[in-house]
Structure formats: C-alpha cells, structure tokens
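Chemist: From the sequence below, what's the structure:
(chains A and B)
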Amino acid sequence: MADTTLVVAGVTVDFDGFKANQDVDVTFEQGRLHFLIGPNGAGKTTLVDALTGLVRGTGTATYAGRDLLTMKSHEIVRAGVGRTFQTATVFEELTVLQNLDIAGGVHRSAWRMGRARKGVPSYVQDALETIGLTSVADLPAGRLAHGEKQWLEIGMLLVQDAKVMFLDETVAGMSAEERSETGALLRRIAPDRTIIVIEHDMEFVRTYADVVTVLHAGKVLAEGSIEQVQADERVQEVYLGRTATADVEVDDA
Amino acid sequence: MSTSTSAASRIKPWLPLLGIALLALALLVIAPAMLSPFRLNNLGKYCCWAIVAVGIGLAWGRGGMLVMGQGVFFGIGGYAMAMHLKLEAAGPGQVPDFMQLYGDGSMPWWWEPFRSPVITIAAIILVPALVAGLLGFAIFKRRVKGAYFAILTQALAVVFATLLIATIKQTGGFNGLNNFPSFFGYSLYDPVNKKMVYLIAAGLLIVCLVIVWQINRSRFGELLVATRDAEERVRFLGHDPANIKLIAFVIAAVMASVGGAMFAPIAGIISPSDVDAAASILFIAGVALGGRAGLFGPALGALAVGYGQSTLSERFPNEWTYFQGALFVVVILLIPGGLSSVLKRFRKDVARQTTELRGLTVTEPPTEVKVHG
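Modeler: The predicted structure is shown next:
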C-alpha cells in the first residue's frame, strides 16, 4: 500500500493582510484519525480550503511527491485528496446510487461518459455497504436524513478512491446514535487512508481521535493525543479551558 | 408483484423513445397527410424553433445555463443557409441581387465559400460550435454564471442583430435575406419540394430529441444535472465543471444553428428580427412553457408558442405580443417547472394515493418518522 502521508510545511493564507493561517506545520499520517480542533475563526476550514485548492496559500503541502498548493481543485481530487463540506452537499435530485456512481466518474473515458450506466459497478456496491445505505440506494438523495447525507458524502469519497479525506464537521447536527455510527464508519475506513476531521464536539474527539492538532488564531498551538492536548496549559487557556469546565458540568449532570 | 415492478422498471427507460416515435408519426406521417401546404409550412417553422428549444432544454433545463442569446446561433445557421440559397439563385459567378441594389455589385470575400453546398452544411455545424466553444471557454473558465451569464448572452444577441442591421451591403441589413427560389437545386415553387423541406426539418427535430434523450440517460447527463445543482461539489469529484457546461452549451448552439438553417428556406426569409434579443427570449418562453428539464417539454412548448403566435397574430395582429408577454409572466410566476411539471405532480399525487390505499408505507422524510413520544 502506497504511503498516503500529507506533509504540510509553513502554510500561510493571507486575506489582504489578515493571516487566516500562519506558518502551519503539520503531518497527517496514514491509518490515524487526525482531528483538527480550535475555536471558531481558528483557521481550520481555511487550512483545508488551502490544501484543496479553494483559496491560495503559500508554503508547501507535499502529498505523493506533489505540492498541493500549486494544483487546481479538480487536479488535487484526481491526485487522491478529497473533502466534504460543513453543509452536506449531495445531488438532491439524483438517487443515492447515481450520487455514488458520479463520484467514480473521474477516470471514465469520453465514450463511457456518453453511454448509460448498466448495472451497479462493484466499487459502488462496496461503498453502499460500507456506509450502510444499500436499502435506500434508489431513493433521491434529497430524501435522506441529515446523517445519511453525510455518510453518502463519505461514500462518494470512498468511490472516488480518495486516499486523503478531509471531513468538515461531519457529525454536527447528528443524533447520538448517528455519531457513534459515524465514528465506527471512520474507524472502518481509516487503516488504508489518511483521514482528517474538523470537529467541535469534544466528546466525539475524545472517543475517536488518534491525534489532535489544536489551531488558534491561524497557528498550530499544540499537537498530540487528546490527553496530551488537554494537559497543555496554553490550550486550556485559549480553548479547552472553557470547554473542559462545560464538559465537567455535563458529566456531573 | 415483484416481477411486475421489475418488468415495469425495465420498460420505463424506453418510454421516452416511444414518445419520440409517436411524435415522429404525428409530424412525419399524419401532419403531411392532413394539413394544407400553407399550414404544413407553418408547422415547419415551429419545428425549427422546437429544434432550438430542444438545445435550450439541454443547456438550461439540464445544465442550468439560462441561454438568452440563442438567436445568435439561430442566425449563424440561418444566414449561412440563406447566403448559399442567394448564391444558388444568382447562378455561378454571379452576385446576389441585393448587393447590386444597395452596393456597387461587388461581393465580400467571405461570401464566396458559401457557393459550395458542402461547405455551407459544414459551416452550419462547425461555425456555431467554434463560436460557442470559444465563448463558452472564456465564460465558464471565469466562472461566470447565473444572471450574469444570462445578461451576457442576451447582450450578444443585441450586438449580433445590430451588426446585421448595420451591414446592409453584406447581409441585407434590416430586410435580411429573402426570396429563395430553390433549395440545393430543388425549386421551392414546387409543393412537393416544399413538403420535402418540411420533412427534413421535422426529421431533424426527431434526431435532436433522440440525441438529447441519449445524453440525458448517459453518465454525462447525470453529471450535467449534478453540475447544475451543486457545481462546487462536482469540482470536488475531480471534474472541471467548465468543461461539462461547455459541452452542453456547444451542443445547444449547434442545434440552434440547425434550426436556423432550416428556418430560412421554410420561412423564405431570415432577418435581424428573427435572431435579435426579442426572438431569443421567445425561444426561452416556449421552453419555459413546456417545462425546461424534461425531454418533450421544450419541444412541445416551442411548437405551442409557434402555433399560438401564428393564430393570435392572424386574429389580433396588434395585440398578440401582449398575449405572449402575459403567458411568459404567468408561467414564470405560477408554474416555474412548465406544463410538464403539472402533469408530473398530478401523477405523483395519484401514485401516492394508490400506495396509501394499499396500506403500504410511503417513504417519508426521516424527520417525520423519528417522532416518538
């Protein structure tokens, strides 16, 4: 299995003088669930935007010998780096099956694009089973529940064979049940991939994170296991301090 | 019951072909047998507009690009054909009549290639493809969309018509090009040949419908709809949405050009008023009326608007444009999905009622299912 490590070095995103990210160094390794946390405005989503070609950044982001920062969005995807967005964006009028099938279309020839789909490709069937949506394969994606849409998005990343996946607040708005299913899904698919999750829900982070990187004001504040990060005084000061107290209250209740 | 559903689902994808066959029967067999030569010729005009509409259905209905300037491509095809017919009428080595009338009797160099029937037909296909390709490339790569795209294409139609009016010596100006005695060697005074020209136009409409039917069911068609609904998402599937839109835009342009090319010999004239901004909006009106996203909506809508235009303009020569404007407003306000959407909604209601009667659970949005006390 090829190594899917993504090395980010000195990435800075400058919005007309405002530095949304400054000198970010972080290494995302294969097989770990890597969480990006930090208060609102810490630059989590901006960093992912920069790494997926949505905003311009300086520095380097080396994946498989190429610098993602010099590539366009669709080229980055073709190189094997995929992402989801905060609001689930699936193609509502197409069925679950069609959504997944489209995701697998990148490497199809013009001739095959001009013809109708026959049957269900094996990789689409695999993804359907992995995300647990086989029973609703023929339903329009617009009819799915919120959590199911997020799973469908992850399924689309699986079909497009993304080796690096950025998931932006995937469990936001999910029920407790959906959260644990999502966590289990991430665990299932993590071993062959590099998965980076932006998350606010500390309970979810604690349960599933292998590595946590804390961003604050555009910079990396701390990195390590959840215990290490929570023990860090600076982190407690800017971010976890408040959340930790809040969590204690919840735990007491 | 499962076998009947699977049989039904096996037949369902082919139903549109049956519809196309029925339309072909009506246009190619029944209409020529029933209608007077005058009415048949009118129907031929509507078919030309319907060809344009089928392309708009693809670009706008499936691709989300509100093409408000299809008159430009209609005009490219129409004028290319008209130039050939004028040269044919003038005879070998001769110059079209209007050039002697308005100018000094010399012919611009770019008219010369249109003496050849082969080059003319090639130009009807290739010139709009090239123009739309370059234009679309510039527009879509810059990510111009929505209202800006619509205004831009509309402006092009204005520019195109203004240019035609200003070049009376080269294009006949406001009067356009008219008076075509023959079509590729066949006299247009002979009713049999007139009928043949009609059959070619109607046949081309059927061909365009089959092409769009195949595009809609193809993976490209699914991708086009996906691009319409969530362009950024498509980008993150590794596609460049600009290329997907470009293909649909070019196909729509070529169809508009083919419609224009057949319009010239059938109407006997092509002039700036057939290709200007107002004409372009009229193309859109037909598509909106019929329902832009379906296969038949655009074509049937265009046929209906064409028919309405002729009938109303015969009876109320001064007021019919008001009818048309009112129709457009009513459709946009009350049935934005067009008439075909009304039919679909009705069918869905019936289906829901029958499933409920059978006591089967209808799949509801999960939020409503998850209500437990």
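Chemist: quick one: B:Ala122 from chain A, how far?
Modeler: Counting by C-beta to the nearest C-beta, to the nearest Å, the gap from B:Ala122 to chain A is 22 Å. From N, CA and C alone the C-beta is placed, and that goes for glycine too.
Chemist: Give me the buried positions along the helix or strand encompassing that residue.
Modeler: Secondary structure from DSSP states H and E places B:Ala122 in helix B:117-141. For helix B:117-141, burial by neighbour count (16 or more other C-beta atoms under 10 Å in any protein chain shown) applies to B:120-121, B:123-124, B:127-129, B:131-133, B:135-136, B:139-140.
Chemist: So for it, mean pLDDT?
Modeler: Helix B:117-141 comes out with an average pLDDT of 96.
Chemist: Would you mind listing what in the stretch 201-350 of chain B touches chain A?
Modeler: B:214-215, B:217-220, B:222-223, B:225-226, B:229-230, B:232-240 (C-beta under 8 Å from any C-beta of the partner chain).
Chemist: and these, which of them are in helices?
Modeler: The helices, defined by DSSP state H, take in B:214-215, B:217, B:219-220, B:222-223, B:225-226, B:229, B:232-235 from those.
Chemist: Could you work out the most separated pair of these?
Modeler: B:Gln214 and B:Glu232 (27.7 Å; C-beta to C-beta).
Chemist: show me where the stretch 51-200 of chain A has strands.
Modeler: Ranges of strands in the stretch 51-200 of chain A, per DSSP state E, counting those that start in this stretch, are A:58-63, A:66-67, A:81-83, A:164-168, A:194-198.
Chemist: in chain A, which ranges drop under the pLDDT threshold?
Modeler: Counting by pLDDT under 70, the ranges of chain A that qualify are A:1-2, A:239-253.
Chemist: And the residue of the stretch 1-150 of chain B that's closest to chain A?
Modeler: B:Pro13 (7.7 Å; C-beta to the nearest C-beta).
Chemist: Can you tell me how far the spatially closest residue to that residue that is not a sequence neighbour is from B:Arg233?
Modeler: The shortest distance from B:Pro13 to any non-neighbouring residue, by C-beta to C-beta, 6 or more residues apart in numbering or on different chains, is to B:Arg217 (6.6 Å). As judged by C-beta to C-beta, to the nearest Å, B:Arg217 and B:Arg233 stand 22 Å apart.
Chemist: just A:Leu6 next, same as before
Modeler: Going from A:Leu6 to B:Arg233 by C-beta to C-beta gives 22 Å.
Chemist: Kindly report the same for B:Ala201.
Modeler: 40 Å.
Chemist: The two: which has the busier surroundings?
Modeler: Between B:Ala201 and B:Arg233, counted using other C-beta atoms under 10 Å in any protein chain shown, B:Ala201 has the larger neighbour count: 26 against 23.
Chemist: That one against B:Gly44, yeah?
Modeler: Yes. Between B:Ala201 and B:Gly44 a contact is recorded at 4.9 Å, counting by C-beta atoms under 8 Å.
Chemist: what residues are shared contacts of these two?
Modeler: Common contacts of B:Ala201 and B:Gly44 (C-beta atoms under 8 Å, 6 or more residues apart in numbering or on different chains): B:262, B:266.
Chemist: show me what contacts the residue nearest the centre of chain A?
Modeler: Against the mean C-alpha coordinate of chain A, by C-alpha atoms, centre = their mean, the closest residue is A:Leu167 at 1.7 Å. A:Leu167 is in contact with A:83-84, A:154, A:186, A:195-198, counting by C-beta under 8 Å, 6+ apart.
Chemist: go with 6 Å
Modeler: Contacts for A:Leu167 (C-beta atoms under 6 Å, 6 or more residues apart in numbering or on different chains) come out as A:84, A:197.
Chemist: How much space separates it from chain B?
Modeler: 12 Å.
Chemist: With A:Gly31 instead?
Modeler: 23 Å.
Chemist: what sits against the most centrally placed residue in chain B?
Modeler: Residue closest to the mean C-alpha point of chain B, counted by C-alpha atoms, centre = their mean, is B:Val52 at 1.5 Å. B:Val52 sits next to B:70, B:74, B:256, B:259, B:283 when contact means C-beta under 6 Å, 6+ apart.
Chemist: can I get those residues in CSV with neighbour count, pLDDT and secondary structure?
Modeler: Shown next, in CSV, are those (neighbours: other C-beta atoms under 10 Å in any protein chain shown; pLDDT from 0 to 100; DSSP: H, G, I helix; E, B strand; the rest coil):
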residue, neighbour count, pLDDT, secondary structure
B:Gln70, 33, 96, helix
B:Phe74, 33, 98, helix
B:Ala256, 35, 98, helix
B:Gly259, 30, 98, helix
B:Phe283, 28, 92, helix
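Chemist: in chain B, which helix or strand is least confident?
Modeler: helix B:366-369 (a mean of 37; mean pLDDT, DSSP states H and E).
Chemist: returning to what we had before: is the residue nearest to the centre of chain B within a helix or a strand, and which one?
Modeler: Going by DSSP H and E, B:Val52 is in helix B:37-56.
Chemist: Can you give me the buried ones in that helix?
Modeler: Going by neighbour count (16+ other C-beta under 10 Å), the buried part of helix B:37-56 is B:40-56.
Chemist: And what about residue 203, helix, strand or coil?
Modeler: I went with chain A, as the question did not name one. Here A:Glu203 takes the helix state, with states given by DSSP: H, G, I helix; E, B strand; the rest coil.
Chemist: Burial check on it, number of neighbours?
Modeler: For A:Glu203, using other C-beta under 10 Å, the count is 14.
Chemist: ok, now how distant is it from A:Ile226?
Modeler: In terms of C-beta to C-beta, A:Glu203 sits 11 Å off from A:Ile226.
Chemist: repeat for B:Arg235
Modeler: Using C-beta to C-beta, B:Arg235 is found at 34 Å from A:Ile226.
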